[in-house]
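Chemist: got a predicted structure here, sequence first:
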Amino acid sequence: MDWAVILAGGSGTRFWPLSSPSKPKQLLPLAGARSTAEQALDRLRGFIPLERTLLVTGAALAPVLQERFLLPAGNVLVEPRAASTGPALVWATWEAGQRDPDATVLSLHADWSIQDVPAFVESAQTALASARKHDMLVTVGVPPTRPEPGYGYVLPGAPLDSAARSVQRFIEKPASSMARDLITDGALWNSGLFAWTAVRLLTEIGAHSPEIAPHLACLDAGDVPGFFAAVSPVAIDTALFERSGRVAVVPGTFDWDDVGNWEALARIRSPDAQGNVSVGTVFPHASENCVAWSERTPIVLSGVKDLVVVEANGRILVMNRARAPELKTTLDALPPELRELPS
């Protein structure tokens, strides 16, 4: 049967001061009226049932997500420590396989913006079917709309059938110039929407991931804390997709954005005639291409352009939109009493 794993960990510091450890990015209504985590679950309705949906998160967020998602208690998997996506997905896949030896798993993140849900479902079903048919690890590749250096790319290889192709290579976060060349060569964004059978993933991990493979016995012994204590933090892309020879790609026909920082709101929300995106009480006057978010206090923009202005949690952030990807560097420079938000 088909299962889903939603990754919902992380603190989301790139949306400071709106995001906080108790309310990180995936719990914020960045892409619409509902949080991105709730939207992720909405996309699975009528496709993969709640009883076959597993959510991986940290201890601080588990009670909130349990209450909001109404998942069965045993389907919220609490990581003993954050160890990136590799160990998290191996654990969740192992868990699905224990409950259903024939499980085919769809892996997705809780912080994406996806505009066309029917197209998403169609692509996800194609990925799951391809994982079963070819007994391979499958990624969904989305046609790029810009040479984005912050994304991973996948270059398709020879066709396996009318839907799936082998993978020639993965390229992680190339420079803008290289990204343009990759797009010309037919590369796709590696969306992070994955599918595999539980048996195939665990077999490939055992063969290709020295960071995780020696510690699979901990899971078999029911020692999840021991597994997380022993593994080395590693992304699933590095641990497996870039190493295995059993990898395929299927096309994604939906608009996809990983909502990586404040700049993303200019892409995923509707702007006014001057290109401004506003949330809350914001009054832009003679201003262009700004992103403004007001939690409580009205914001007035006058004669400015290309700014991010955020009022939230007793803090005000003003920065050039071009610096949005560098927000963590700014936060690292702040004194703790300013950087840390009230609980």
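Modeler: It's in. Numbers count the residues shown, from 1 in each chain.
Chemist: what sits against residue 308?
Modeler: 262, 263, 290, 291, 292, 317, 318, 319, 320, 321, 324 (CB atoms under 8 Å, 6 or more residues apart in numbering). Bear in mind the C-beta positions are built from the backbone N, C-alpha and C, glycine included.
Chemist: those into a markdown table, with extra columns for neighbour count, pLDDT and distance to residue 143?
Modeler: Converted to a markdown table, the contacts of residue 308 look like this (neighbours: other CB atoms under 10 Å; pLDDT from 0 to 100; distance: CB to CB, whole Å):
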| residue | neighbour count | pLDDT | distance to residue 143 |
| --- | --- | --- | --- |
| 262 | 26 | 96 | 25 |
| 263 | 18 | 94 | 20 |
| 290 | 24 | 98 | 28 |
| 291 | 25 | 98 | 25 |
| 292 | 26 | 98 | 30 |
| 317 | 18 | 98 | 33 |
| 318 | 12 | 98 | 34 |
| 319 | 17 | 97 | 30 |
| 320 | 11 | 97 | 29 |
| 321 | 18 | 96 | 24 |
| 324 | 19 | 94 | 24 |
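Chemist: widest-spaced pair of the residues you listed?
Modeler: 263 and 318 (14.3 Å; CB to CB).
Chemist: which SS class is the residue lying closest to residue 168 once chain neighbours are set aside?
Modeler: Distances taken as CB to CB, 6 or more residues apart in numbering put residue 157 closest to residue 168, at 3.9 Å, once the chain neighbours are dropped. The three-state label given to residue 157 by DSSP: H, G, I helix; E, B strand; the rest coil is strand.
Chemist: distance of residue 157 from residue 170?
Modeler: 11 Å (CB to CB, to the nearest Å).
Chemist: between the two, which one's more packed in?
Modeler: residue 170 (19 against 14; other CB atoms under 10 Å).
Chemist: in this structure the more buried one contacts residue 152, no?
Modeler: Yes: under the criterion of CB atoms under 8 Å, residue 170 makes contact with residue 152 at 6.4 Å.
Chemist: intersection of neighbour lists for those two?
Modeler: 190, 237.
Chemist: which helices and strands does the one helix or strand in the chain whose mean pLDDT sits lowest pack with?
Modeler: Across the helices and strands of the chain, mean confidence by mean pLDDT, DSSP states H and E is lowest for helix 62-69: a mean of 87. Contact partners of helix 62-69 among helices and strands, from 3 or more CB pairs under 8 Å, 6 or more residues apart in numbering; DSSP states H and E: helix 36-42, strand 53-57, strand 76-78.
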